[in-house]
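Engineer: here are the coordinates; sequence isn't available:
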């Protein structure tokens, strides 16, 4: 009985972890520098039917240390469609292999961006993913770069209402940078060059030519502003919200709700890091490109527009009389593809940029799991097959341990008569019964916990694969065969609708598809490979466990359910071969028949 109790404890523990995971995880702009700029912005916004608010900003005196991060840009937008908001401003097209959209010449904002290679649904005709949208639209989300000055400095710098002049020809593309200029009429000429690669990285170079007879000091800044709180579904399995690496302070993750409460989260000045806003599959990030220049990062909440902003303020840049100076920053705006993120991490030496993808606490398992699945995918061209092959590799890695476990289980089955005799002999003395059992285990070299190991080993692998399926964009809309068009989504079929023949709106927990049923059957058969527990309570747990897991995994990603079913099948085969070699009679069919015979006799 001792070995059965330990096995039951392991199963109950595994179920508790999985149920807990299901319940708690699965279910559940920069302010104006002067009042004159504020008034001008409001006036310009009123002409466009937009009410703008641009609060004042505090800057350090020339003698002070480098400034804190810029305060938030706020623009309260009236109801306009995205297309209407785009049509109200002059623009230059963005057209690359991975991106489409436009740059707004008013403010030189990057505020119109689509991800050409990704669509909203598995339907190839569905719209492409919209990442950035202009102010005035329903959900403004944009990047802005500019200069600011010390308080009291009588220098006119460009702002959100400045209309820039396009100096280059044609759209912004991988081979054609966009060059913009603006003259402040006071001897300063501002030039902005925006370049983009074939993926998702923009490089923005801001330069200032000083034709006056005095040195000018300016501060470069960059910001990403997002208005409205996105729907993150409250999941705990990954972070969605403000994110960055603040030098020695390391990774900084701030949820929307937390930032709304704290208002501001700042970091110390650093020359090593990045900051931005992340969704499940997409992200934007500011990455100062000059490793020798410090910047001050900050996250802000903008109450009047329910907005969230990631911004930084760079060190002062001195522009000598008759000379020019520049500042450079990069903007990542796109899909969080693992290979692309890693490429940027290496190419630009971006400190911990790989943390843009939330690998979780068990990254040392999750990352190798993704690497292996991705490697197989490149070989076979199907992520479903890749998961099956990765499962085989995992089984091979743990084969010595599993083999030892099954050998011990075989020995235990051989001594079932002796164990039954001990239970009968000491049925009224549990302490003596336990002692006799332990002596028998020692004599026969049996590990009573051996049967728990295969299931315990499976738990971290299960969680790591769940993480890979849930957070990596490579798995998004990845098809398998037949009715599985997205491995990261639940099996779309349901036994309660006769797999689509009788459509009706049933509760989510009743969405038990074909693959969850296959998983439940394989789990039932695997459990029946072992002797039937003597105690009725244990029998009930063993009999109902596959049913509970079938309902529970019905809402899990199909790729995970396929993995579990395949893993169960391999375990059945492995256990069958090993125990046959040990000379143990397999009781699978007898136990299955016995289960139904008992049910029949009970009725």
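Structural biologist: Received, thanks. Remember, it's a predicted structure, so these values are computed and weren't measured experimentally.
Engineer: Quick one: residues contacting residue 295.
Structural biologist: 269, 270, 271, 288, 312, 313, 314, 315 (Cβ atoms under 8 Å, 6 or more residues apart in numbering). Glycine gets a C-beta too; all of them are placed from N, C-alpha and C.
Engineer: quick one: contacts for residue 186?
Structural biologist: Counting by Cβ under 8 Å, 6+ apart, residue 186 has contacts 155, 156, 212.
Engineer: And the first one, what's its pLDDT?
Structural biologist: Right, residue 155. Looking at residue 155, its pLDDT reads 91.
Engineer: Isn't it up against residue 218?
Structural biologist: Yes - between residue 155 and residue 218 a contact is recorded at 7.4 Å, counting by Cβ atoms under 8 Å.
Engineer: These two: who's more crowded?
Structural biologist: residue 218 (25 against 18; other Cβ atoms under 10 Å).
Engineer: what about the residue nearest to the more buried one when sequence neighbours are not counted, how many neighbours?
Structural biologist: Leaving out its chain neighbours, the residue that sits closest to residue 218 by Cβ to Cβ, 6 or more residues apart in numbering is residue 147, at 4.4 Å. By the criterion of other Cβ under 10 Å, residue 147 has 22 neighbours.
Engineer: for the helix or strand containing residue 147, packing partners?
Structural biologist: Element membership of residue 147, judged by DSSP states H and E, is strand 141-148. With contacts defined as 3 or more Cβ pairs under 8 Å, 6 or more residues apart in numbering; DSSP states H and E, strand 141-148 has these neighbours: strand 109-119, strand 128-132, strand 201-210, strand 216-227, strand 282-288, strand 324-335.
Engineer: per-residue pLDDT, the residue nearest to residue 218?
Structural biologist: At residue 147, pLDDT is 95.
Engineer: my guess is it contacts residue 216, does it?
Structural biologist: No - the pair residue 147 / residue 216 is not scored as a contact, 9.8 Å apart, by Cβ under 8 Å.
Engineer: thinking again about what came up before, out of the contacts of residue 295, what pair is the most spread apart?
Structural biologist: 271 and 313 (13.2 Å; Cβ to Cβ).
Engineer: These two: which has the busier surroundings?
Structural biologist: Neighbours per residue (other Cβ under 10 Å) separate residue 271 from residue 313, with residue 313 holding more: 26 against 15.
Engineer: For the strand or helix carrying the more buried one, the averaged confidence score.
Structural biologist: Element membership for residue 313 (DSSP H and E) is strand 307-314. Average pLDDT, strand 307-314: 94.
Engineer: again with stretch 363-383
Structural biologist: Mean predicted lDDT for stretch 363-383 stands at 93.
Engineer: likewise stretch 552-572?
Structural biologist: 88.
Engineer: Mind listing what's buried along it?
Structural biologist: 552-572 (16 or more other Cβ atoms under 10 Å).
Engineer: what does stretch 126-137 give?
Structural biologist: 129, 130, 131, 132, 133, 134, 135, 136, 137.
Engineer: Tell me which residues touch the spatially most distant residue from the centre of the chain, please.
Structural biologist: Computed with Cα atoms, centre = their mean, the residue of the chain farthest from its C-alpha average is residue 425, at 58.0 Å. If you count contacts by Cβ under 8 Å, 6+ apart, residue 425 has them with 433, 436.
Engineer: And residue 189, by the same measure?
Structural biologist: 181, 182, 183, 208, 209, 211.
Engineer: Got a quick PyMOL command for the buried subset of the residues you listed?
Structural biologist: Selecting only the buried entries of the contacts of residue 189 in PyMOL, with 16+ other Cβ under 10 Å as the criterion:
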select buried, resi 181+182+208+209
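Engineer: Make TSV out of the contacts of residue 189 and add pLDDT and distance to residue 407.
Structural biologist: Converted to TSV, those look like this (pLDDT from 0 to 100; distance: Cβ to Cβ, whole Å):
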residue	pLDDT	distance to residue 407
181	97	77
182	96	78
183	95	83
208	96	76
209	96	79
211	95	86
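Engineer: Do me a favour and get the backbone dihedrals for residue 247.
Structural biologist: phi 50, psi -130 (degrees, to the nearest 10).
Engineer: count of residues packed around residue 578?
Structural biologist: The burial count for residue 578: 19, using other Cβ under 10 Å.
Engineer: hang on, it in a helix?
Structural biologist: Yes - judged by DSSP: H, G, I helix; E, B strand; the rest coil, residue 578 forms part of a helix.
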